[in-house]
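>>> sequence below, structure please.
(2 chains)
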There are 2 protein chains.
Amino acid sequence: MISETICLDLTEMTKIVDLQEIKEILRNIDPIQEIEDGFVAFSRGNVVVPPVGEMIFEDPPGEAHIKYGFIKNDDFYVIKIASGFYNNPKIGLPSYDGLMLLFNQKTGELISVLLDEGHLTNVRTAAAGAVVAKYLAPKKVTRIGIFGAGVQGRMQLEYLKGIIDCNDVIVWGIDQQELEDYKKEMEKQDYKIETTMQSKDITSSCNFIVTCTPSRKPLIHVDQIVKGTHITAMGSDTPEKQELDAAILGKADRIVVDSIDQVQSRGESYHALKSGMIAKEDLIELGIIIPNKTLYRQSDDEITIADLTGVAVQDIQITKAVWKGIAPTE
Amino acid sequence: MISETICLDLTEMTKIVDLQEIKEILRNIDPIQEIEDGFVAFSRGNVVVPPVGEMIFEDPPGEAHIKYGFIKNDDFYVIKIASGFYNNPKIGLPSYDGLMLLFNQKTGELISVLLDEGHLTNVRTAAAGAVVAKYLAPKKVTRIGIFGAGVQGRMQLEYLKGIIDCNDVIVWGIDQQELEDYKKEMEKQDYKIETTMQSKDITSSCNFIVTCTPSRKPLIHVDQIVKGTHITAMGSDTPEKQELDAAILGKADRIVVDSIDQVQSRGESYHALKSGMIAKEDLIELGIIIPNKTLYRQSDDEITIADLTGVAVQDIQITKAVWKGIAPTE
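Here you go, the predicted structure:
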């Protein structure tokens, strides 16, 4: 790297925003509305998302993905670049990196480069969980159950604030140290945290559950699920990953997904469809529910499942939300 | 845009380079070797170039392309974003814009953002013309003929400096004012410039010709071509564009292309293949010629044609060349 300091007059140039600045902006904005609007536009067929670009590297093993798209007749288009290099921790670097590019849809001008290092992908994922909670959580959440004591397990709680009025949380993990770190950190944020390595400790005490692990075998089995439970499953974004017993989807009163197209090849719904537990007709998109009050949770008895696999419109919307936080008058 | 000045310590961060800085760096580097190496790697099958990503906008009409790839076992990978918004000039903006992103192939880290506004695409195109000249130009160039008095018509001359020892130039165009501007500007750079609107004025006096126009019908006909002529055709990069009568390729002793794969669907070779004037076996890649002296121009009588449609490895290599100009010790 080069050692020098430069001064940039931003009046006339593209705005480059680093992670620290992005985090500051995020403290002052609420991206949930933007994410909601994105899901609605998506389900109305107003979002253009071309196939993902991909580069695979062999030595050391790594991959880079390019996701991009736009809402028709919007002001912007967005290109997101994300990489995963799994040997990076050996040399003291994080495995994941990424950035977002925001362009003017009317002129092609590059408006902003958000050097978010992958953080905005976590934020848009957490914000989607919050959107689901808004419309599908039980009226009275007795206790929040989180599967996964990693970054997303923390961010879910952060983005549920203001939506779910409950600070009693139980978190499941596979590593005692990770669980203790989680407890310590989240208790500073006024949560009451219990930790466990037993799945049933969560299902027996929580009516609002979020799963955010990279598990490849079900963490929750169908006989653990009682009336009135809501589960948001957001860990599975590939055909291999699975957090819920497919029979849980068969038992559910409602299965909400981010993209009906996408869940036919990945996520929890994929497994449930493949095993015949559910049919495509049993699925409803989040973007269909949001503008339609009659589709919100109707009773305390319903079992509802949200299967979130992650869609590019979330990347588009989180980038716009951050930009609006930078340049609110534009 | 926001009105503020920020100071960045570049020691620890991604290097953002604007067009002015890129132009300064280009004055101090010779990217031709890098472009040559790229063509050789490409023809050896060492370049990975996934399909181009594309977004099409309707109102106002515009498009954005994402080209990306890498040389296997190299230090870098590159993503190029280019846009064309054809109504931009009405609001005082250029139609084309673009940027290059350079990443570390071993870790995925973003190394540099080159905000080149499309300039590096022009440079890598001009540099490819120079590479062709190095190996295929007649020993004694009597006069240089340029079709097209635009940016590329200027840059070709600039990059031929030091490769072709000739400052006698005739340029063809369709707009008198554009031709006069070209003459005025290039004469300042010590060229003797004649202008014309007659194609035959070029072919009758030049043994080294470069075509760089967006023409959709042939500008040069086969009966204009005499022994010892070299033509580099670089204007056509789509199936619709065509600068040379297909019969010229049939008459040529050698047809050099940047990518045999690519010219089967675009460029001059595409038209000549389609009309049966040539066969695929008549084509040889520039990257095969460069390391093989026996394939360089052998006599003053040969008619040689180079058909350049533009390949992503040029983008990769020009980006690396600029970066090496910024951080030569890395």
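>>> what comes into contact with the helix or strand where residue A:56 lies?
When secondary structure is defined using DSSP states H and E, the element that contains residue A:56 is strand A:53-57. The contact list for strand A:53-57, computed with C-beta atoms under 8 Å, 6 or more residues apart in numbering or on different chains, reads A:62-68, A:85, B:48, B:50-51, B:53, B:66, B:68-70, B:77, B:105. All C-beta atoms are positioned from the backbone trio N, CA, C, and that covers glycine.
>>> just the buried ones from these?
A:62, A:64, A:66-68, A:85, B:48, B:50, B:53, B:66, B:68-70, B:77, B:105 (16 or more other C-beta atoms under 10 Å in any protein chain shown).
>>> could you identify the helix or strand that succeeds the strand holding residue A:56?
Under the assignment DSSP H and E, the closest C-terminal helix or strand after strand A:53-57 is strand A:62-71.
>>> same question for that next one, mean pLDDT?
The average pLDDT for strand A:62-71 rounds to 96.
>>> which other helices and strands does it contact?
The helices and strands touching strand A:62-71, judged by 3 or more C-beta pairs under 8 Å, 6 or more residues apart in numbering or on different chains; DSSP states H and E, are strand A:47-48, strand A:53-57, strand A:76-85, helix A:312-326, strand B:53-57, strand B:62-71.
>>> including distance to residue A:288, could those go into JSON lines?
Converted to JSON lines, the helices and strands packed on strand A:62-71 look like this (distance: least, C-beta to C-beta, whole Å):
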{"stretch": "strand A:47-48", "distance to residue A:288": "14"}
{"stretch": "strand A:53-57", "distance to residue A:288": "29"}
{"stretch": "strand A:76-85", "distance to residue A:288": "23"}
{"stretch": "helix A:312-326", "distance to residue A:288": "14"}
{"stretch": "strand B:53-57", "distance to residue A:288": "25"}
{"stretch": "strand B:62-71", "distance to residue A:288": "29"}
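>>> sec struct for residue A:120, please.
Assigned state for residue A:120: helix (three-state reduction, DSSP: H, G, I helix; E, B strand; the rest coil).
>>> surely residue A:304 and residue A:254 touch.
Yes - using C-beta atoms under 8 Å, residue A:304 makes contact with residue A:254 at a distance of 4.6 Å.
>>> how about the stretch 151-300 of chain A: which residue is closest to chain B?
Taking C-beta to the nearest C-beta, chain B has its nearest neighbour within the stretch 151-300 of chain A at residue A:151, 17.8 Å off.
>>> for that residue, grab phi and psi.
Its backbone dihedrals place residue A:151 at phi -60, psi -50, with angles given as degrees, to the nearest 10.
>>> right, and it touches residue A:123 too?
No - in terms of C-beta under 8 Å, residue A:151 does not count as a neighbour of residue A:123; the distance is 10.4 Å.
>>> more neighbours, those two?
Set side by side, residue A:151 and residue A:123 show unequal neighbour counts under other C-beta atoms under 10 Å in any protein chain shown, the larger going to residue A:123 at 23 against 15.
>>> picking that back up, direction included, what does the strand holding residue A:56 pair up with?
For strand A:53-57, the paired strands and their directions (DSSP bridges) read strand A:62-71 (antiparallel).
>>> ok, the closest residue in space to residue A:51 that isn't next to it in sequence to residue B:64 distance?
For residue A:51, ignoring the flanking residues on the chain, the nearest one in space by C-beta to C-beta, 6 or more residues apart in numbering or on different chains is residue B:53 at 7.7 Å. Computed with C-beta to C-beta, to the nearest Å, the distance linking residue B:53 and residue B:64 is 8 Å.
>>> need the residues of the stretch 51-200 of chain A near chain B, please.
Proximity of the stretch 51-200 of chain A to chain B is confined to A:51, A:53-55, A:57, A:59-60, A:62, A:64, A:66, A:68-70, A:73, A:77, A:79, A:81, A:83-85, A:88, A:91, A:93, A:97, A:99, A:101, A:103, A:105-110, A:113, A:115 under the rule C-beta under 8 Å from any C-beta of the partner chain.
>>> can you give me the helices in the stretch 151-300 of chain A?
Counting by DSSP state H, counting those that start in this stretch, residue ranges of the helices within the stretch 151-300 of chain A are A:151-160, A:176-187, A:199-203, A:246-251, A:260-263, A:267-274, A:286-289.
>>> neighbouring contacts of the last one?
Helix A:286-289 has contacts (C-beta under 8 Å, 6+ apart) with A:39-44, A:128, A:131-132, A:135-136, A:256-258, A:295-296, A:306, A:308.
>>> isn't residue A:291 right up against residue A:40?
Yes - between residue A:291 and residue A:40 a contact is recorded at 5.8 Å, counting by C-beta under 8 Å.
>>> so residue A:146 sits in a strand?
Yes - the assignment for residue A:146, made by three-state DSSP, places it in a strand.
>>> can you get me a residue count around it?
By other C-beta under 10 Å, 29 other residues sit near residue A:146.
>>> looks like it contacts residue A:155 (just checking).
No - using C-beta under 8 Å, residue A:146 makes no contact with residue A:155, being 10.4 Å away.
>>> between the helices and strands packed on strand A:62-71, which gets nearest to residue B:321?
Ranking the helices and strands packed on strand A:62-71 by their distance to residue B:321 (criterion: C-beta to C-beta) puts strand B:62-71 first, at 13.1 Å.
>>> centre of the chain to the closest one, how far?
Relative to the mean C-alpha coordinate of its chain, strand B:62-71 is positioned 16 Å out (C-alpha atoms, centre = their mean, to the nearest Å).
>>> drop anything exposed from the contacts of helix A:286-289.
With neighbours counted by 16+ other C-beta under 10 Å, the contacts of helix A:286-289 contain buried members at A:39-43, A:128, A:131-132, A:135-136, A:256-258, A:295, A:306, A:308.
>>> and which of the residues you listed is nearest to residue B:191?
residue A:41 (54.3 Å).
>>> how far away is that closest one from chain B?
For residue A:41, the distance to chain B (C-beta to the nearest C-beta, to the nearest Å) stands at 16 Å.
>>> can you tell me the closest non-neighbouring residue to that residue?
Nearest-residue entry for residue A:41: residue A:71, 4.8 Å, with adjacent residues in sequence omitted and distances by C-beta to C-beta, 6+ apart.
>>> isn't the one you found up against residue A:313?
Yes - Residue A:71 is in contact with residue A:313 according to C-beta under 8 Å; the separation is 7.1 Å.
>>> give me the common contacts of those two.
Common contact partners of residue A:71 and residue A:313 (C-beta under 8 Å, 6+ apart): A:38, A:41, A:47.
>>> got CSV for the residues you listed, with pLDDT and distance to residue B:229 too?
Putting the shared contacts of residue A:71 and residue A:313 into CSV (pLDDT from 0 to 100; distance: C-beta to C-beta, whole Å) gives the following:
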residue, pLDDT, distance to residue B:229
A:38, 98, 58
A:41, 98, 57
A:47, 97, 52
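>>> for residue A:101, grab the count of nearby residues.
By the measure other C-beta under 10 Å, the count of residues near residue A:101 is 23.
>>> so it touches residue A:110, yeah?
Yes - taking contacts as C-beta under 8 Å, residue A:101 lies within contact range of residue A:110: 6.5 Å.
>>> overlap of the contact sets of those two?
B:81, B:99.
>>> could you point out which element follows the host helix or strand of residue A:103?
Secondary structure from DSSP H and E places residue A:103 in strand A:96-104. Next helix or strand after strand A:96-104 toward the C-terminus (DSSP H and E): strand A:110-115.
>>> show me what that following strand is packed up against.
Contact here means 3+ C-beta pairs under 8 Å, 6+ apart; on that basis strand A:110-115 packs against strand A:15-18, helix A:19-28, strand A:96-104, helix A:312-326, strand B:110-115.
>>> and with 7 Å instead?
If you count contacts as 3 or more C-beta pairs under 7 Å, 6 or more residues apart in numbering or on different chains; DSSP states H and E, strand A:110-115 packs onto strand A:15-18, strand A:96-104, helix A:312-326, strand B:110-115.
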